[in-house]
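S.K.: have a look; sequence and predicted model below, questions after that.
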Amino acid sequence: MAEMMQFPERLPVGPIRRHGLGTWGVGALIASEAALFTWLFFSYYYTGATAGPGWVLESSPPLQLALPNTIVLVLSSIVAWLGERGILERKHALALFGFAGAFVLGTIFFVVQLFEWRAKPYGPGDSSFASLYFVTTGFHMAHVAVGLLILAALFGWTLLDYFSPRRNLSVSAGVLYWHFVDVIWLFVFATYYVSPHLGFGT
Amino acid sequence: MREADYRAPEIGVDNAAHAARLMQLWKTAPGLKGFLSTVDHKQIGIRYIVTAFAFLTLGGIESLVMRLQLAGPNGTLLTPEQYNDLFSTHGMTMIFLYASPILSGFANYLWPLLLGSRDMAFPRLNALSYWIYLASGIFLYAGFLTGNGPNDGWFNYVPYAERTYNPGLNQDFYALGMVFLGISTTLGAANFIVTALRTRAPGMSLDRVPIMIWGTLTASVANLLVVPAVSLAFFLLWLDRQYGTHFFDAAQGGQPLLWQHLFWIFGHPWVYAIVLPAMGMVSDGLPVFCRRPLVGYAAVAISTVATMVLGFGVWVHHMFAAGLPTVGLSFFSGISIVITVPSAVAVFAWLATIWHGRPVITTAFLFFSSMIMLFVIGGVSGFMTASVPVDWQLTDTYFIVAHLHYVLIGINVFPVIGATYFWFPKMTGKFLDESLGRWNFWTMFIGFNLAFLPMHITGLLGMPRRVYTYSSGMGWDTLNLVTSVGSFVLAIGVLLFVVNVVKSLRSGAVASANPWDASSLEWSVPSPPPPYNFAVIPTVASRHPLWEDRLNESSARSSVAHGMLLDAGKETIGTSALHATPDMILEMPEDTSAPFILAFGTALLFVGLLLRLALLAGLGGAVVGLALLVWLWPREELREREPARG
């Protein structure tokens, strides 16, 4: 051998904090899911842009439920982040509070959204706009449901005292996914609740 | 006793005790249990390859039946409905169930060996991708066999695919089956991306990876982003058909062109996804038989990525005849013309490699080099249709059929067969027979060109695609007969390949570790490789680890005999994305049946959706949920959690 290789002196064994393949895996999952929502929004704007006037069924969609619900979901992201801090700082109670709190806020969002659906004067089969509205929000709801299951699992695993400031990749990955679900909602909200107020499709 | 969270990897050379320890850690259990639970990328890769070839055979038989029908005018072998089912199923099979999975198979088998690793980044996910591919393939074919195959062409335009015009279960099988298959493709793509970026051997910086890695990595990034578009389109179609939504239904404000956009936003990048890895096979295999490195490595790598970047902006050329605004057509026509530039870079790099090399004419060389010619023919006919007026003349004629077969058979099947001749000795320890190989090659090459070269003229003479028959006196009779004869010659060529595989598995000449005297890492391990691939993790100092002494490009030398042993558990090395500096020891998962169970649950879910049996779908969903929970449960041995206390 012409040159001696330099071998590392000290390497982490398995994932330490978010440094591990799992983070990359969740990153890829999020990229793909973000693409899925991108195509949903493309479908909305493309169909809307090529349709005649009056395509959007409510020219000023009511915000009484949707706006507070948006705030609830954003809050849940912050609370989930607190839970992650709890793990990182070895504050067991804070971690439990964070995951339970995010779960409760997420559930509130889910239930309120069901009421929001019922309050709509149209159903999924009434027009292409209505179909897009229910399917896009439905896709998001499905992601909320998955996120809630993840938060519940994180809560259970924290209860079992699985994680430490060093070993917690499941936590950072799960919380990252929850942030993603919340960010997607902001796009849904902007598209279906804000853009008609600005004149798109009306 | 739990080991430390940090440690220095033990350095050394292979010995019998070390190899025995690794064998114990990595080998798959015998019998059915091992078969269902293995996560070994080599076994999964071979399964992918065998399954994809089975689908290639099915799709090939379908095409032969169609060529019998079209051999002469006024054919009566098939009814129009049967013909619709056949050409649609043929397209679905070849494009979705063969062309992409075959490349996943080779990539699965080869990647960790090319990269100097012991498995893919996510071995369990790898097993899941395969099982879902198999299950969705069976699902789609269950439709065909029960008379409910796709019947609207592989790209399935609305409104014909809507329930009003297509009331059977055909489109429901196809729509749900494609969503199902899309899961496999997406998971596989994610796995390839992370594997390429995080599990390369120390020293294998991104500019030292084989071109095949570039090809599959690029294709995987595209798949990760565009497969959701087609899955969404098929899901929306299914909702339109079964739940009365109006996505594509113009009468209710739906937009039929939305289907075409979503389909081709996926479809055109996908075309590159099923050729770029195959082009990578040629870029890596051809130089071995030219006895020199590939000319223009950097140019070929960059043009691979450039092809895909441009490939995101060409989808509308499938829709030139749909009546879109002129400005849009000009833009997409322009990009479709520009995209030939990176393809030409690869072609000239291959030609220069042959020109400057000392070619050794093997069967693999014949397949690889003939691909260059077929690629040029298929590329030029594609370039022609990038021009809007030419496309208006040629679209929906047999010219397009000729073009796409030159692309798909020329740039996918020929490299794949060549790759089999090249890597078969590595996979099995046996050579494929060379003299039978010559017969195999020439029969396929002559048959293919006999079938598809005249088809360009058939198209120029105006014969439309997708017609089940034609009347005589249109000037198409002789050309169609020649095409039919050619297709059977091509089929005989493929049969010779199968014969060669079977014969060589039994009695092929025994191959050494590096029978072709090639330069990349997979040739440094025994043929076939042990379950753990590398007894010590190689350290890489150049693009051609096994040719360094003769190329003598620098004084640095790769090391395959001396390096990290990593035998404290099922371990391999994690390295940084660009420079491949070691940054962690990866704990790899044991064999598990969770992927198989998860795929089974997903299959139940899709059958439940198809038949609208809520109970079955719910049961499938519950199985999926439970399997995921077990799968994701933090494990001490993977260092995902702290050890139990107290």
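M.R.: Here it is on my side, so go on. Since we're looking at a predicted model, the values are computed, not measured. Numbering: from 1, shown residues only, chains lettered A, B, ... in the order given.

S.K.: burial of A:Leu114, as a residue count?
M.R.: The local packing of A:Leu114 (other CB atoms under 10 Å in any protein chain shown) involves 11 other residues. C-betas here are computed from N, CA, C, even on glycine.

S.K.: count of residues packed around the residue nearest to A:Thr50 when sequence neighbours are not counted?
M.R.: Beyond its immediate neighbours in the sequence, the residue positioned closest to A:Thr50 (CB to CB, 6 or more residues apart in numbering or on different chains) is B:Gln255, lying 5.8 Å away. Number of residues near B:Gln255 (other CB under 10 Å) recorded here: 22.

S.K.: check B:Phe367 too.
M.R.: Taking other CB under 10 Å as the definition, B:Phe367 ends up with a neighbour count of 28.

S.K.: sec struct for it, please.
M.R.: Using DSSP: H, G, I helix; E, B strand; the rest coil, the structure places B:Phe367 in helix.

S.K.: re earlier: doesn't A:Ala51 make contact with the residue nearest to A:Thr50?
M.R.: Yes. Shown here, B:Gln255 and A:Ala51 form a contact pair, counting by CB atoms under 8 Å, at 7.3 Å.

S.K.: for B:Lys570, give me its contacts.
M.R.: Taking CB atoms under 8 Å, 6 or more residues apart in numbering or on different chains as the contact definition, B:Lys570 lies against B:Leu25, B:Trp26, B:Glu587, B:Met588, B:Pro589, B:Glu590.

S.K.: was I right to think the fourth one contacts B:Pro123?
M.R.: Yes. With the criterion set as CB under 8 Å, B:Met588 and B:Pro123 qualify as a contacting pair; they are 6.2 Å apart.

S.K.: pLDDT score assigned to A:Ala2?
M.R.: According to the predicted model, the pLDDT of A:Ala2 comes to 38.

S.K.: among the contacts of B:Lys570, the buried ones, what's the PyMOL command?
M.R.: Entered in PyMOL, the line below selects the buried ones among these, by 16 or more other CB atoms under 10 Å in any protein chain shown:
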select buried, chain B and resi 25+26+587+588+589
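
S.K.: out of the contacts of B:Lys570, who's nearest chain A?
M.R.: Distances from chain A to the contacts of B:Lys570, taken as CB to the nearest CB, are shortest for B:Glu587 (4.6 Å).

S.K.: who touches the closest one in this structure?
M.R.: Listed by CB under 8 Å, 6+ apart, the contact partners of B:Glu587 are A:Val13, A:Gly14, B:Gly569, B:Lys570, B:Glu571, B:Glu637, B:Leu638, B:Arg639.

S.K.: try B:Leu521
M.R.: B:Leu113, B:Leu114, B:Leu115, B:Gly116, B:Ala201, B:Phe534, B:Pro538, B:Val540, B:Pro545, B:Leu546, B:Val560.

S.K.: grab the nearest non-local neighbour of it.
M.R.: B:Gly116 (4.9 Å).

S.K.: what comes up buried for the lengthiest helix in chain B?
M.R.: In chain B, ranked by residue count with DSSP state H as the criterion, the top helix is helix B:211-243. Within helix B:211-243, the residues that qualify as buried are B:211-242, counting by 16+ other CB under 10 Å.

S.K.: of the contacts of B:Leu521, which belong to strands?
M.R.: When the contacts of B:Leu521 are checked against strands using DSSP state E, the ones located there are B:Pro538, B:Val560.

S.K.: among the contacts of B:Leu521, who's most crowded?
M.R.: Of all the contacts of B:Leu521, the highest neighbour tally under other CB under 10 Å goes to B:Gly116, namely 32 neighbours.

S.K.: chain center to the longest helix of chain B, what's the gap?
M.R.: Centre-to-centre, helix B:211-243 and its host chain are 13 Å apart (CA atoms, centre = their mean, to the nearest Å).

S.K.: how about it and chain A, any contact?
M.R.: Yes. Counting by CB under 8 Å from any CB of the partner chain, chain A is contacted by helix B:211-243 at B:Leu224, B:Leu225, B:Val226, B:Val227, B:Pro228, B:Ala229, B:Ser231, B:Leu232, B:Leu236, B:Leu239, B:Asp240, B:Tyr243.

S.K.: and those residues as CSV, adding pLDDT?
M.R.: Converted to CSV, the residues of helix B:211-243 next to chain A look like this (pLDDT from 0 to 100):
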residue, pLDDT
B:Leu224, 97
B:Leu225, 97
B:Val226, 97
B:Val227, 97
B:Pro228, 98
B:Ala229, 98
B:Ser231, 98
B:Leu232, 98
B:Leu236, 98
B:Leu239, 97
B:Asp240, 97
B:Tyr243, 95
